[in-house]
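Chemist: Sequence first, predicted coordinates after that:
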Amino acid sequence: MIPGKFNVVTDGQWGSCGKGLVATALADRHRPEIISTTNMANAGHTAVNENGEAFIAKAIPSGAALNKWREDYNPIIFLGSSCAFHLDCLLEEIEICNVRDQLFIHERAGIITNAHRVAEGDITSGTKHIGSTMQGCGTFLADKVMRRKDLKLARDYSGLERYMTSSFVGRLDEETRRNMQGKSTAIVLHKMLQLGWTILHEGSQGFSLDINHGSHYPQCTSRSTTATQNLTDMGLQTYDMGDVYIVIRPYPIRVGNVIEDGKMVGYSGDAYPGQEETTWAAVAEACGAPPEVMKGELTTVTKRLRRVFSFSDTQLEEAVIVNGATKLALNFANYIDWSCYGMNNYDDLPVKVTDFIRKCEDIAQIPVTVVGTGPQNNHVCFI
């Protein structure tokens, strides 16, 4: 992580690569002054501490949990302009992580209403046919683009006034406040970087779901998910970009298809050329996992069984090039060889895992610097 810069953790596949684990572990290790996100309600990121306590973030960064898990680390939390969240979820996460005094929100971040959710679930006019999470994100974005008269942004909710930039700046120390008072959110962030503060940004969803550059349209998300788009959404300069971590997993997943009354009414999309859909039982057998792994993973938001695929060299190469990646984070290394589950020392990793790491480095031409071996914040090897 580069000090004084905007460092990004983004997903190199179709999402659910474990950005929550990687971002939280990086924040715990490097202690950046600011943790940010431009998440929307269609993505849930999970952080689990060494005691097994889990925090699922759908509005604020998963790394915000460190504010309650670590007495010596109280980062500033920022939600960018392209965030969109359910208000009750946001307020609940603020209380869980106790970040009322450290959080500020871009005035044009969005509030997703129940009406947005209902509209996306409509079988004829919604997004069910593409296997969407149907959380109302696309409908909200459509309303924002159309500039609907009745659409409310974060700035329009009285309960969020204390989190707007101007209010947040007023809570800073006098010297810092004097430098930022009356400035726009983008200028405030820029001045924070000028002070030498570091930003760690937790990207949302997966590169292969990007509406413009992802693998398959229309089976994609409703916006761009690249690292450079994250930078743009924060109002920062290209000069401000630091490290870009691409998080991958050995068996990429797609959200499950939508099945109703035994009939598939929503298909979540195809794979890359040469990539094959497999089963969780086959994954478990190949890595020597315990029987419960054969049941597979459920998505954080929809609770549908995830579809699982073989690894794609092309998918990795594309993600690295388009995102301008500088480092790789391999998560779910235990799905290569279950004997490494929970390890946090790179030298102890089995040969099957280190061979896979070398393969990824050969394809990407950048180093693997983080290896996740389990769900907890201490199940990580730093290289």
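Modeler: Everything's here; your move.

Chemist: rest of the way, CA atoms for contacts and neighbours
Modeler: Fine.

Chemist: hang on, residue 371 in a strand?
Modeler: Yes - counting by DSSP: H, G, I helix; E, B strand; the rest coil, residue 371 is part of a strand.

Chemist: what's the distance between it and residue 214?
Modeler: 25 Å (C-alpha to C-alpha, to the nearest Å).

Chemist: Also residue 276?
Modeler: For residue 276, the distance to residue 214 - C-alpha to C-alpha - is 18 Å.

Chemist: any low-confidence regions in the stretch 1-150 of the chain?
Modeler: Scanning the stretch 1-150 of the chain with the threshold set as pLDDT under 70 gives 42-43, 122-133.

Chemist: Show me what the helix or strand in which residue 36 is found packs onto, helices and strands only.
Modeler: Secondary structure from DSSP states H and E places residue 36 in strand 34-37. When contacts are defined as 3 or more C-alpha pairs under 8 Å, 6 or more residues apart in numbering; DSSP states H and E, strand 34-37 packs onto strand 76-79, strand 199-206.

Chemist: Just checking the distance from the longest one to the centre of its chain.
Modeler: The reference is to strand 199-206. Relative to its chain's centre, strand 199-206 lies at 5 Å (C-alpha atoms, centre = their mean, to the nearest Å).

Chemist: Read off the pLDDT value for the closest residue to residue 349 other than its chain neighbours.
Modeler: Spatial nearest neighbour of residue 349, excluding adjacent residues (C-alpha to C-alpha, 6 or more residues apart in numbering): residue 340 at 6.0 Å. Looking at residue 340, its pLDDT is 97.

Chemist: distance of residue 340 from residue 88?
Modeler: Residue 340 sits at a distance of 39 Å from residue 88 (criterion: C-alpha to C-alpha).

Chemist: The two: which is more packed in?
Modeler: Higher neighbour count among residue 340 and residue 88: residue 340, with 23 against 10, using other C-alpha atoms under 10 Å.

Chemist: before we move on, the earlier item: and the helices and strands packed on strand 34-37: which comes nearest residue 309?
Modeler: Between residue 309 and these, the shortest gap by C-alpha to C-alpha is with strand 199-206, which sits at 14.9 Å.

Chemist: Dump the closest one to PDB, restricted to CA.
Modeler: Taking Å, rounded to 0.1, in the frame of the first residue of the first chain, the C-alpha atoms of strand 199-206 are listed here in PDB:
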ATOM      1  CA  ILE A 199      -6.900   6.100   1.600                       C
ATOM      2  CA  LEU A 200      -7.800   2.500   1.300                       C
ATOM      3  CA  HIS A 201     -10.800   2.100  -0.900                       C
ATOM      4  CA  GLU A 202     -13.000  -1.100  -0.900                       C
ATOM      5  CA  GLY A 203     -14.400  -1.600  -4.400                       C
ATOM      6  CA  SER A 204     -17.800  -3.100  -5.000                       C
ATOM      7  CA  GLN A 205     -18.900  -6.200  -6.900                       C
ATOM      8  CA  GLY A 206     -16.600  -7.700  -9.600                       C
END
